[in-house]
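Undergrad: For reference, the sequence and a predicted model appear below.
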Amino acid sequence: MGGKITILSKNFTETSGSNTMWATNGNIEIAAERHVSFQSAEKVQYAEYTAPKTKTISVANKVIGKAKRDPGFNFDGTKAEDMEAGDKPSKSAAIIKDKVFAYSDETLKAYLRQLMTSLSIGDMQTISVEMEEKFCAGGGGTYCSDILNKEVVKNSATEAYNTSFINDFRAALKVAAYDPNAMPLISMKLLNFSSFWDKVSGLGITIHQVWSAKAELKNYLYNEAKKTWKGEIHYTFYDHFGLDWEDILKHGGDMIPQYHTGDFFKAWYILQHYRSAKPFITEVKLHAAVSGISTI
């Protein structure tokens, strides 16, 4: 991209290659890639070089990816069953005849505490107890924790997820000529913690599979002259700390890690759908720096 030279002269003659330009009693503007040589019948009164403008694209904050469902809702926009509370659904009427249903709130809460602590260790046990206490307090809302964020960041499933999403982002960014504003929204997959270690250390019982996700691009800058771009991807993952009836059909008979683990899950469900406990949305926030070279 060349610059521009503006010359003010009464009489002017310029020779560049095989082209000759002249001006009398006026100004002339010359586009120059590197330099311009000129001759003038009179002394040049004024000459100025204007540097070429470098094309840049900057984006402070833009949503670039979302999962197909929103936090708290199903794919069709209806409220998620595991976010309901005190609803006493007819599909779960069989649980009323279960021996666990007759237990006091205190016993049910103790069962839930035992479930959370039996499937978590270290810092994740602290998290699991905090989540159980918030659930039993019945306040609903959202739950965030720096400790939980750190545990998610260092998990191998997160690393693989981040690599996959960034590859999708790079491909979409190139198609959009490195302008994020021209990119379509990337459909995000759901991060899943289902390894044996996840199940025994805490991420399995506190999150397992996230319900929804969002990715934002922040502090993005593209420099066309240097052919470089950089920015930050900020993820927000959402999960529901609550159960639906399918969870009881799946886990109501569990005997691992303890013989009565299935009853612990039933206690969780009864507290939510027949007593005063309320589910909440867990939010996990992570970010990753990204950069690259333009190939167009």
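TA: That came through, no problem. Numbers count the residues shown, from 1 in each chain.

Undergrad: from here on, contacts and neighbour counts on C-alpha atoms
TA: Will do.

Undergrad: For Arg152, give its distance to Asn162.
TA: To be clear, residue 152 is Val; Arg isn't right here. Remark: distance between Val152 and Asn162 (Cα to Cα, to the nearest Å) = 11 Å.

Undergrad: ditto for Ser58
TA: Between Ser58 and Asn162 the computed distance is 23 Å (Cα to Cα).

Undergrad: so where does the most centrally placed residue in the chain fall, helix or strand?
TA: Closest residue to the average C-alpha location of the chain: Tyr235 at 2.0 Å, with Cα atoms, centre = their mean. Taking DSSP states H and E as the criterion, Tyr235 maps to strand 228-241.

Undergrad: could you give the mean pLDDT of that strand?
TA: Regarding strand 228-241, the rounded mean pLDDT is 98.

Undergrad: pull the longest helix from the protein.
TA: Longest helix in the chain by number of residues (criterion: DSSP state H): helix 156-175.

Undergrad: which parts of it are buried?
TA: Neighbour-count burial for helix 156-175 flags 157-158, 162, 165, 169, 172-174 (criterion: 16 or more other Cα atoms under 10 Å).

Undergrad: Which stretches in the chain count as helices?
TA: Here the chain has its helices, by DSSP H, at 105-118, 122-137, 146-153, 156-175, 196-201, 203-206, 245-251, 261-273.

Undergrad: between the third one and helix 156-175, how many degrees?
TA: It stands for helix 146-153. Inter-element angle recorded for helix 146-153 and helix 156-175: 70 degrees (by axes from the mean of the first three to the mean of the last three Cα atoms, to 10 degrees).

Undergrad: The second one now?
TA: Following the same axes, to 10 degrees, one obtains 90 degrees for the angle between helix 122-137 and helix 156-175.

Undergrad: ok, now the last one?
TA: Computed by the same axes, to 10 degrees, the angle separating helix 261-273 from helix 156-175 equals 60 degrees.

Undergrad: What helices and strands are in contact with helix 261-273?
TA: In this structure, helix 261-273 packs against helix 105-118, helix 245-251, with contacts taken as 3 or more Cα pairs under 8 Å, 6 or more residues apart in numbering; DSSP states H and E.

Undergrad: Perfect, I'm done here.
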